[in-house]
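Engineer: Give me a model of this one.
(one chain, ligands or ions: 1)
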Amino acid sequence: MQLYDKTFESRLLLGTALYPSPAIMAEAARASRAEILTVSLRRESAAQRTGQDFWALIRETGATVLPNTAGCHSVKEAVTTAQMAREVFNTSWIKLEVIGEADTLQPDVFGLVEAARILSEDGFAVFPYTTDDLVVAERLVEAGCRVLMPWGAPIGSGRGLNNPYALRTMRAHFPDVPLIVDAGIGLPSHAAAAMELGYDAVLLNTAVAKAGDPVRMAQAFAKAIEAGRAAYEADPMEMRDMAAPSTPVLGKAFLA
Ligand SMILES: CC(=O)[C@@H](O)[C@H](O)COP(=O)(O)O
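Structural biologist: Below you'll find the model as predicted:
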């Protein structure tokens, strides 16, 4: 899978928040085989000792760091956070979140497009957390985004794919843009369903971090994402309304 200038084997991007401890986060990250970990600048820029330990653990995984602007509610805040993240993490990659509504943590798509344009022009590789709206997606591509990350469901909800039809439409509309379902995934089967739709990857956090056994859940997601991708590449059968016998009737035994 190619994302901007880098190639990856794993199609799972994992968040690093909400784990019971930094050590469990690192173990889960390794178990997931994720090659990209998203981290929040707001958490890691803190100079406390826990922040330092956390960063050391992230580095030890060897994963590519994708800083995010989680918690930003305005263009200015998101752009400033991205610029600080570039200094702190020494990368021009940014997962761009501009939150527009508190109950659903729904992206402010107007602010998102504006911030994406500013950051793309400033040399950032922008990964926008967006809705499944095609027009907004077009605007993000025009603004310079080479990857799109539509939501499955609201962040932290664990509901899975709220609108598979819209996600399928988006896949058909952007055959050449890497598409990553971001947020709302609750179960490995949700991630597999996204991959079966032909999505390039899945980004998730809460489902692993808040599982009773995050390490085991990370392994389960890794397997589900691989299975979903293999199914997509194997060209699944068409769904039908009516039955079609799977056992041939020709040559049936004749009882006199
Ligand atoms: C960590 C992060 O980037 C989240 O904002 C992301 O959108 C994942 O959402 P879930 O926690 O619902 O998987």
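
Engineer: so where's this structure uncertain?
Structural biologist: Counting by pLDDT under 70, the ranges of the chain that qualify are 43-52, 251-256.

Engineer: Could you rerun that using 50?
Structural biologist: For the chain, the stretches with pLDDT under 50 are 46-49.

Engineer: Could you list the residues of it in contact with the ligand?
Structural biologist: Counting by C-beta under 6 Å from any ligand atom, the chain comes close to the ligand at 15, 17, 38, 68, 70, 95, 129, 155-156, 182-185, 203-207. (Glycine included, C-beta is placed from N, CA and C.)

Engineer: Pull out the buried members of these.
Structural biologist: 15, 38, 68, 70, 95, 129, 155-156, 182-185, 203-207 (16 or more other C-beta atoms under 10 Å).

Engineer: which residues of this structure fall in strands?
Structural biologist: For the chain, the strands defined by DSSP state E cover 2-3, 6-7, 12-15, 36-40, 64-68, 93-96, 99-101, 106-107, 125-130, 149-150, 180-182, 201-204.

Engineer: Among these, which comes closest to residue 80?
Structural biologist: Closest approach to residue 80 among these is made by strand 93-96 (11.7 Å; C-beta to C-beta).

Engineer: Outside of that closest one itself, which residues are in contact with it?
Structural biologist: 4, 38, 64-70, 78, 82, 85-86, 112, 115-116, 119, 124-129, 149, 182, 203 (C-beta atoms under 8 Å, 6 or more residues apart in numbering).

Engineer: chain center to that strand: distance?
Structural biologist: Taking C-alpha atoms, centre = their mean, to the nearest Å, the mean C-alpha location of strand 93-96 is offset from the chain mean by 12 Å.

Engineer: again, but for stretch 66-83
Structural biologist: 17 Å.

Engineer: Straight-line length of it, end to end?
Structural biologist: 13 Å (C-alpha to C-alpha, to the nearest Å).

Engineer: buried subset of the contacts of strand 93-96?
Structural biologist: Buried among the contacts of strand 93-96 (16+ other C-beta under 10 Å): 38, 64-70, 78, 82, 85-86, 112, 115-116, 119, 124-129, 149, 182, 203.

Engineer: Tally up the residues packed near residue 16, please.
Structural biologist: 28 (other C-beta atoms under 10 Å).

Engineer: OK, contacts around the closest residue to the ligand within the stretch 1-150 of the chain?
Structural biologist: Ranked by C-beta to the nearest ligand atom, the top residue of the stretch 1-150 of the chain for proximity to the ligand is residue 15, at 3.0 Å. By C-beta under 8 Å, 6+ apart, residue 15 lies in contact with 37, 38, 203, 204, 205, 206, 208, 209.

Engineer: Tabulate those residues (a markdown table), appending distance to residue 164.
Structural biologist: Rendered in a markdown table, the data for those read as follows (distance: C-beta to C-beta, whole Å):
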| residue | distance to residue 164 |
| --- | --- |
| 37 | 27 |
| 38 | 24 |
| 203 | 17 |
| 204 | 17 |
| 205 | 21 |
| 206 | 20 |
| 208 | 22 |
| 209 | 25 |
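
Engineer: And those, which two are furthest apart?
Structural biologist: Pairwise over the contacts of residue 15, using C-beta to C-beta, the maximum falls at 37 and 206, 14.7 Å.
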